[in-house]
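J.: Predicted model, plus sequence, below.
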Amino acid sequence: MERYAEEAVRLAPQFGAQLDHSENSLQILEAILGQLQGQLPKLSLPSDGAKDPAQSPTDEAARIWGAYFGETVRRLWGGDWGVETYPGTAAPVVSIDIGGAKLFPVMKIYRRLTQGEGENVWKFYQMVRDKVSTGSGNQQ
């Protein structure tokens, strides 16, 4: 995940941005994701159940920018990368454990890219920060 996060830092200038793993850089990340959302193909599942080839760029973007988001949160608040079963599914997903709070950064970024501004990463981070700083460890 750290390599993916480095890739995000390398790609940020293409969006007129610089990322430095600071808390403020998560506001910049939100702006990048807003730009990316308009550039990625819209997802739709074929009726035959086959994987949509348009999903691949979104998956890759979610890994890169999700790794940056997760690595920044991890650096700011501590914690460890791991793999957990995503709530409500049987799918193993990359996670971060921060003082008992389970975060799924790649899934969060995927939702931001596919569902839009309602999944704002900066607002989500503020909620995480408030929960982590008060010591309550709920899943996010």
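T.: That came through fine.

J.: mind listing what the lowest-mean-pLDDT helix or strand in the chain pairs with, with the direction of each?
T.: Ranking every helix and strand in the chain by mean pLDDT, DSSP states H and E puts strand 101-103 at the bottom, with a mean of 88. Each strand paired with strand 101-103, and its direction, by DSSP bridges: strand 92-98 (antiparallel).

J.: can you list contacts of the strand it pairs with?
T.: Residues outside strand 92-98 that contact it (Cβ atoms under 8 Å, 6 or more residues apart in numbering) are 1, 66-67, 70, 73-74, 77-86, 102-107, 128, 132, 137. The way it works is simple: take the backbone N, C-alpha and C, and place the C-beta from them, glycine included.

J.: Those residues in helices, which ones?
T.: By the criterion of DSSP state H, membership of the contacts of strand 92-98 in helices covers 66-67, 70, 73-74, 77, 105-107, 128, 132.

J.: how about JSON lines for those, with neighbour count and pLDDT added?
T.: Supplementary listing: those in JSON lines, determined by neighbours: other Cβ atoms under 10 Å; pLDDT from 0 to 100:
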{"residue": "Gly66", "neighbour count": "28", "pLDDT": "97"}
{"residue": "Ala67", "neighbour count": "23", "pLDDT": "97"}
{"residue": "Gly70", "neighbour count": "26", "pLDDT": "97"}
{"residue": "Val73", "neighbour count": "25", "pLDDT": "95"}
{"residue": "Arg74", "neighbour count": "21", "pLDDT": "95"}
{"residue": "Trp77", "neighbour count": "17", "pLDDT": "92"}
{"residue": "Pro105", "neighbour count": "31", "pLDDT": "96"}
{"residue": "Val106", "neighbour count": "23", "pLDDT": "95"}
{"residue": "Met107", "neighbour count": "19", "pLDDT": "94"}
{"residue": "Val128", "neighbour count": "22", "pLDDT": "89"}
{"residue": "Val132", "neighbour count": "21", "pLDDT": "83"}
